[in-house]
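Asks: I need the structure of the sequence given here:
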Amino acid sequence: MQEKPKVQNRDFIRVGKSKIQGSGVFAKRKIPKGTRIIEYAGDRIPKKDLLSDVENGLTSHIYVLSINDELSVDGERNGNDARFINHSCEPNCEVYIFDEIPYIYAMVDIRRFEELTFDYKLQSSIGTKLTKKEKIALFPCNCQSKQCRGTILAK
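Replies: A predicted model of the protein is given here:
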């Protein structure tokens, strides 16, 4: 699929070590509520191709963001710093999609040095068949928020 130009505003963010998981994205300065922070960039991949791409070693499927029922963005392939934004059950950012391009927006005022997060709302074909305990074991959440549901799966 044709690559779109990456929008990356390095004035707002930096990547660093996260207390949540691995690397995270942090505010370099205060980010006001409603600010478009960064595009979630990467190759546009038809969802029907994702499983074979993983099997063929083209991606790990870790940085995939769903656009719609047919299309995803794989931040592992030609992505930007947005792929390092961690999940939280009590996020400070949200994803808006315009013309099949996902952008990360601040849903509250974000303080300088604060880690940026959004709710992954991960969907799994097996997720509906799992108990809460199994969801937590297979898809654990590390956000440590007061509202933590224990899993990165959607409610």
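Asks: where do the strands sit along the chain?
Replies: Secondary structure of the chain (DSSP state E): strands located at 13-17, 23-27, 36-39, 43-46, 64-66, 71-74, 86-87, 93-98, 101-106, 115-118.
Asks: other residues contacting the last one?
Replies: To tie it back to what came earlier, the one meant is strand 115-118. 13, 18-20, 24-27, 37, 85-88, 90-95, 104, 110, 143 (C-beta atoms under 8 Å, 6 or more residues apart in numbering). For the C-beta atoms, the positions are set from N, CA and C on the backbone; glycine is no exception.
Asks: kindly format the C-alpha coordinates of the helix ranked longest in the chain as CSV.
Replies: Longest helix of the chain, by residue count under DSSP state H: helix 47-55. Extracted C-alpha coordinates of helix 47-55, given in CSV (Å, rounded to 0.1, in the frame of the first residue of the first chain):
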residue,chain,number,x,y,z
LYS,A,47,-6.3,-6.9,8.2
LYS,A,48,-6.7,-10.1,6.1
ASP,A,49,-2.9,-10.0,5.5
LEU,A,50,-1.8,-9.5,9.2
LEU,A,51,-1.7,-13.1,10.3
SER,A,52,0.4,-14.2,7.3
ASP,A,53,2.7,-11.2,7.8
VAL,A,54,3.4,-12.3,11.3
GLU,A,55,3.9,-15.9,10.2
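Asks: so which bits of it are buried?
Replies: Buried residues in helix 47-55, counted by 16 or more other C-beta atoms under 10 Å: 50, 53.
Asks: who touches the nearest residue to Ile97 once chain neighbours are set aside in this structure?
Replies: Nearest residue to Ile97 in three dimensions, chain neighbours excluded: Ile67, at 6.0 Å (C-beta to C-beta, 6 or more residues apart in numbering). Contacts for Ile67 (C-beta under 8 Å, 6+ apart) come out as 44, 73, 97, 100, 102.
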